[in-house]
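[1] Any chance you can model this:
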Amino acid sequence: MNFQEAVRTCLVKYADFNGRASRPEMWFGMLAWVGVLFIASVLDTAVFGISIDGFGVFYTLTALGLFLPGLAVQVRRLHDTDRSGWWVLISLVPIVGVILLIVWWCQPGTGGTNRFGSEPATAPGDGAPGPRAPRSAPQTGDLERLERLHALRESGALTDEEFAAEKAKLLQL
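    Next up is the predicted model:
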């Protein structure tokens, strides 16, 4: 799952506390929220002269708007590790609670289906590519790509080893 997909998923599931969220979905979503909040803080400074560490109008409205999707993705991430979303409340315990949540959020999700649903689309390994199943039939455009690879090999732009590797990737052998 790339950055855009993760942020889009967080926004589409704005207040969805059901199901599971992969590590990239949660961490990329949170990274986007931090960036947006920083920009809101800079706007407050530029428009109202409020210091970066103060809470201005833009920052406050942005934080309120991002609170629910941030909480929802955190709960879904806990679900992926087969924990109840109520564990997010442990963050109210100073220092230890937040550290424990971060450790849980960094752990890989449970494989297969757990009590909160099936594993997120980026599994196995939360974003790490898993073994690909062989395709039953060639996809549209594969023949043209293979011909281009062959032409590159014939012209000397690709070695035989590079051609074989690219051909295997293309055909998913």
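[2] the domain parsing of the chain - what is it?
    3-106, 142-171 (automatic domain parsing).
[3] Put together a markdown table for these, with mean neighbour count and distance to N114 on each row.
    From N, CA and C alone the C-beta is placed, and that goes for glycine too. Listed next are those as a markdown table, based on neighbours: other Cβ atoms under 10 Å; distance: least, Cβ to Cβ, whole Å:
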| stretch | mean neighbour count | distance to N114 |
| --- | --- | --- |
| domain 3-106 | 16 | 5 |
| domain 142-171 | 13 | 33 |
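[4] Could I get these in JSON lines, plus columns for mean pLDDT?
    Listed next are these as JSON lines, based on pLDDT from 0 to 100:
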{"stretch": "domain 3-106", "mean pLDDT": "91"}
{"stretch": "domain 142-171", "mean pLDDT": "79"}
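[5] Can you lay out those as JSON lines showing distance to T113?
    Shown next, in JSON lines, are these (distance: least, Cβ to Cβ, whole Å):
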{"stretch": "domain 3-106", "distance to T113": "9"}
{"stretch": "domain 142-171", "distance to T113": "30"}
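[6] Please work out how many residues are found near S118.
    Using other Cβ atoms under 10 Å, S118 has 11 neighbouring residues.
[7] List the contacts of it.
    Going by Cβ atoms under 8 Å, 6 or more residues apart in numbering, S118 touches 20, 112.
[8] at 10 Å what do you get?
    19-20, 112 (Cβ atoms under 10 Å, 6 or more residues apart in numbering).
[9] With A6 instead?
    With the criterion set at Cβ under 10 Å, 6+ apart, A6 makes contact with 21-32, 73, 122, 127.
[10] Kindly report the same for E25.
    Residues in contact with E25 (Cβ under 10 Å, 6+ apart) are 1, 5-10, 13, 73, 76-77, 80, 120-122, 126-127.
[11] how far away is it from T159?
    39 Å (Cβ to Cβ, to the nearest Å).
[12] Over to G70?
    G70 sits 49 Å away from T159, going by Cβ to Cβ.
[13] W86 now?
    57 Å.
[14] do L171 as well
    Counting by Cβ to Cβ, the separation of L171 from T159 is 18 Å.
[15] now swap in V88 and tell me
    In this view, V88 and T159 are 53 Å apart by Cβ to Cβ.
[16] Next: E166.
    Applying Cβ to Cβ, the value for E166 to T159 is 10 Å.
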